[in-house]
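[1] build me a structure from this.
(one chain, ligands or ions: 1)
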Amino acid sequence: MSEPSIFTRILEGDIPSEIIAETENVFAIRDIAPKAPVHLLVIPKSPEYRNVVELAAGDPALLSEMIGLANSLAAEHSDGDFRLVFNTGPGAGQTVFHVHAHVLAGGLSEGSLGG
Ligand code: AMP
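    Residues are numbered from 1 along each chain as shown. The predicted model follows:
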C-alpha cells in the first residue's frame, strides 16, 4: 500500500492545517504557498482518485460537490469570482496525487491563465 497523501494526513490531523470548510465528502484548506490573494485547495476526503480525469470518469457527483464548495468559498473569501485549476500530471506541475482543485481568487490579472 502506498503512503497516505499529505492531504489525508492533514484530514486525519497528523499534519497541522486548518480545515476551513467541509461537506460530506470534501474538505478545504489554505494552500501553504499561495499563488493568489486567495488560494484554497478543495479536496475529496477519499484519496481514491489521483487526478481530475479519473475523478470525472469515476464519480462525477463528487467532482460536482468539489465545484460547489469552491463556489461557496470564493463567495466567502473574495467577490465570488474564481479560477479553478486541476494540475494533471507531473509535467503540468501536479505534485500531490490525491485529486485537488486550486481555487484562486482576488486580484487575478485579467486574461491570465497563470496561477
Ligand atoms: P499540485 O502541485 O497541483 O499537486 O498542488 C499541491 C499543492 O499543495 C501545492 O500548491 C502546495 O503548495 C500545497 N501544499 C503542500 N503541502 C501543503 C500543506 N501542508 N498545507 C497546505 N498546502 C500544501
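
[2] elements contacting the top helix by length along the chain?
    Secondary structure assigned by DSSP state H gives helix 60-77 as the longest helix of the chain. Using 3 or more C-beta pairs under 8 Å, 6 or more residues apart in numbering; DSSP states H and E, the elements in contact with helix 60-77 are strand 21-22, strand 26-30, strand 38-44, helix 52-58, strand 101-105. For the C-beta atoms, the positions are set from N, CA and C on the backbone; glycine is no exception.

[3] can you add mean pLDDT and give these back as CSV?
    Formatted as CSV, the helices and strands packed on helix 60-77 follow (pLDDT from 0 to 100):
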stretch, mean pLDDT
strand 21-22, 98
strand 26-30, 98
strand 38-44, 98
helix 52-58, 98
strand 101-105, 98
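
[4] as a markdown table, the ones you listed with distance to the ligand and mean neighbour count would be great.
    Output for these, formatted as a markdown table (distance: least, C-beta to the nearest ligand atom, whole Å; neighbours: other C-beta atoms under 10 Å):
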| stretch | distance to the ligand | mean neighbour count |
| --- | --- | --- |
| strand 21-22 | 14 | 16 |
| strand 26-30 | 5 | 19 |
| strand 38-44 | 6 | 23 |
| helix 52-58 | 10 | 15 |
| strand 101-105 | 6 | 24 |
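
[5] mind putting these into TSV with distance to Met66?
    Shown next, in TSV, are the helices and strands packed on helix 60-77 (distance: least, C-beta to C-beta, whole Å):
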stretch	distance to Met66
strand 21-22	11
strand 26-30	5
strand 38-44	5
helix 52-58	8
strand 101-105	5
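
[6] quick one: closest of those to Gly68.
    strand 26-30 (8.4 Å; C-beta to C-beta).
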